[in-house]
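[1] below are the sequence and a predicted model for it; my questions follow.
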Amino acid sequence: MKRPVIISGPCSAETEEQTIVTCKKLAETQKVNILRAGIWKPRTSPESFEGVGELGLIWLKAAKRITGLPTAVEVANAEHVHKALLHEVDYVWIGARTTVNPFSVKEIANALKGSQAKVLIKNPVNPDLSLWTGAIERIAHTRGIENIWLVHRGFSTCGYSEYRNVPLWHLIFDIKRQFPEIKMICDPSHICGNRKNLFKVSQTAADLNYDGLMIESHICPDAAWSDASQQITPDELNVLLDSLKWRNEYYENSIFEYSLSKFRSEIDQIDSDLFELFSRRMKLAEEIGRLKSTCNVSIYQEQRWRNIMERILSRAKRLDLSESFIRTILNTIHNESISRQNDVMNKP
Ligand code: PEP
Ligand code: MN
């Protein structure tokens, strides 16, 4: 059975009592492996609570002594790293707002040189994976770094979403492909921004074979000085972790293997048919491009596009496909068709 790493603690260390009581209660669950607390908080507004600073490291060190659990804090510059190491912090994490800044990552990497620190790198705020891979490479090339883990905390996007930071799970598969040996931790707290979706997102992470979770916990969440709406009590965390189902990566059983391979070969056949059809569809789009070019007609025809969309969407229920899936696929096909017609029409 898989043993995921559970990292928990308050968004911010606020007072000695809040830090130590929260950490003690988390340790009592016997399900938490690492204690977290924000000491320096990267806040959007200068009016918001910006963390207690070095004082919090003293409280966290006391929590570590009392519980016997290792600790983790966020660092954003060399001074944070030096202070964290001085106070025997075991893991440092690079926050989403810092991962986007190569200068800061380089400064942190230099400060960590030779320290044998364990480093967690959160995904950058925006869905630009090259910033994440750049940060991973910078830290990985630092002498002495023992361990790097990644933290998926979702991505900021414009427009409405039920998430504070949308998960964009497919981007995580890309990163896992590039760095298969690095542990991937999910941070449902910053993905959700509320309590109600925490379980759902944590279960998805478990289903997708993540290596652990980072979940914010506070003895009195509603009174928290930062991220109040997403924190849960240690007791609630205990219940959440009890209800989660972690999946095995593999199951050695001939009936399972036979059924799986049957389904997979059917899927492979369907994929290959789909792409044959896409190829035929694009050839037809090029024919249309040639025809429009001869008759000097514009590529984009609003009414035609609306008809296609409406016709397929009206079949969504019968096809048992979600509207958003149909829209995404049709938009991708339409963009490719337009670009093929564009090529044909503007051939010198
Ligand atoms: C945090 O973990 O408290 C935090 C600020 O996270 P992020 O960098 O993901 O916003
Ligand atoms: Mn937080």
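    Structure received. Ligands and ions are numbered 1, 2, ... in the order given.
[2] make it CA atoms for all contacts and neighbour counts henceforth
    Fine.
[3] residue contacts, the residue of the stretch 101-250 of the chain found nearest ligand 1?
    Closest to ligand 1 within the stretch 101-250 of the chain is R153: 5.2 Å, counting by C-alpha to the nearest ligand atom. By C-alpha atoms under 8 Å, 6 or more residues apart in numbering, the contact set of R153 is A96, K122, N123, N165, P167, C186, D187, P188, S189, H190, I191.
[4] next step: those residues restricted to helices.
    Among the contacts of R153, DSSP state H puts A96, P188, S189, H190, I191 in helices.
[5] so how far is W169 from the residue most central in space within the chain?
    Geometric centre of the chain, nearest residue: H152, 2.7 Å, by C-alpha atoms, centre = their mean. Distance of H152 to W169, computed by C-alpha to C-alpha, to the nearest Å: 9 Å.
[6] cool, and A76?
    Taking C-alpha to C-alpha as the measure, A76 falls 26 Å from W169.
[7] of these two, which one has the most company?
    With neighbours defined as other C-alpha atoms under 10 Å, A76 and W169 compare such that A76 has more, 23 against 13.
[8] is the strand or helix carrying L57 in proximity to ligand 1?
    Per DSSP states H and E, L57 falls inside helix 54-67. No. Using C-alpha under 6 Å from any ligand atom, helix 54-67 never reaches ligand 1; the gap is at least 13.9 Å.
[9] packing partners for that helix?
    Packing partners of helix 54-67 (3 or more C-alpha pairs under 8 Å, 6 or more residues apart in numbering; DSSP states H and E): helix 16-28, strand 71-75.
[10] next, see if the shortest one gets close to ligand 1.
    Which is strand 71-75. No. Between strand 71-75 and ligand 1, judged by C-alpha under 6 Å from any ligand atom, nothing touches; the nearest distance is 7.1 Å.
[11] got a list of contacts for that strand?
    The contact list for strand 71-75, computed with C-alpha under 8 Å, 6+ apart, reads 34-40, 60-61, 64, 81, 84, 89-95, 108.
[12] returning to what we had before: contacting residues around the closest residue to the residue of the stretch 101-250 of the chain closest to ligand 1 other than its chain neighbours?
    If the residues on either side of it in the chain are set aside, R153 comes closest to D187, at 4.8 Å by C-alpha to C-alpha, 6 or more residues apart in numbering. D187 makes contacts with V151, H152, R153, G154, L213, M214, I215, as judged by C-alpha under 8 Å, 6+ apart.
[13] and D187, how far from I333?
    D187 sits 33 Å away from I333, going by C-alpha to C-alpha.
[14] can you tell me which of the contacts of R153 are buried?
    Among the contacts of R153, those buried by neighbour count (16 or more other C-alpha atoms under 10 Å) are A96, K122, N123, N165, P167, C186, D187, P188, S189, H190, I191.
[15] in stretch 53-67, which residues are buried?
    Buried residues in stretch 53-67, counted by 16+ other C-alpha under 10 Å: G53, G56, L57, W59, L60, K61, A62, A63, K64, T67.
[16] ok, and what's touching it?
    The list of residues contacting stretch 53-67 from outside it, by C-alpha under 8 Å, 6+ apart, reads 13-16, 19-20, 23-24, 27, 35, 37, 39-40, 69-71, 83-84, 87-89.
[17] let's see it at 10 Å
    12-28, 34-41, 68-73, 80, 83-90 (C-alpha atoms under 10 Å, 6 or more residues apart in numbering).
[18] which one is T19 nearest to, not counting chain neighbours?
    A13 (5.5 Å).
[19] surely that neighbour meets A37?
    Yes. Counting by C-alpha atoms under 10 Å, A13 does reach A37; the two are 5.5 Å apart.
[20] if you average the pLDDT over stretch 239-251, what comes out?
    The pLDDT scores in stretch 239-251 average 93.
[21] before we move on, what about stretch 272-282?
    97.
[22] now that stretch: buried residues?
    Buried, per 16+ other C-alpha under 10 Å, within stretch 272-282: M282.
[23] got it, and stretch 197-217?
    In stretch 197-217, counting by 16+ other C-alpha under 10 Å, buried: 197-199, 201-206, 209-217.
[24] check stretch 215-229 too.
    By neighbour count with 16+ other C-alpha under 10 Å, stretch 215-229 contains the buried residues I215, E216, S217, H218, I219, P221, A224, W225, S226, D227, A228, S229.
[25] likewise stretch 226-245?
    Within stretch 226-245, the residues scored as buried using 16+ other C-alpha under 10 Å are 226-235, 237-238, 240-241, 244.
[26] and it with ligand 1, contact?
    No. Stretch 226-245 stays clear of ligand 1 (C-alpha under 6 Å from any ligand atom), getting no nearer than 8.1 Å.
[27] cool, thanks, talk later.
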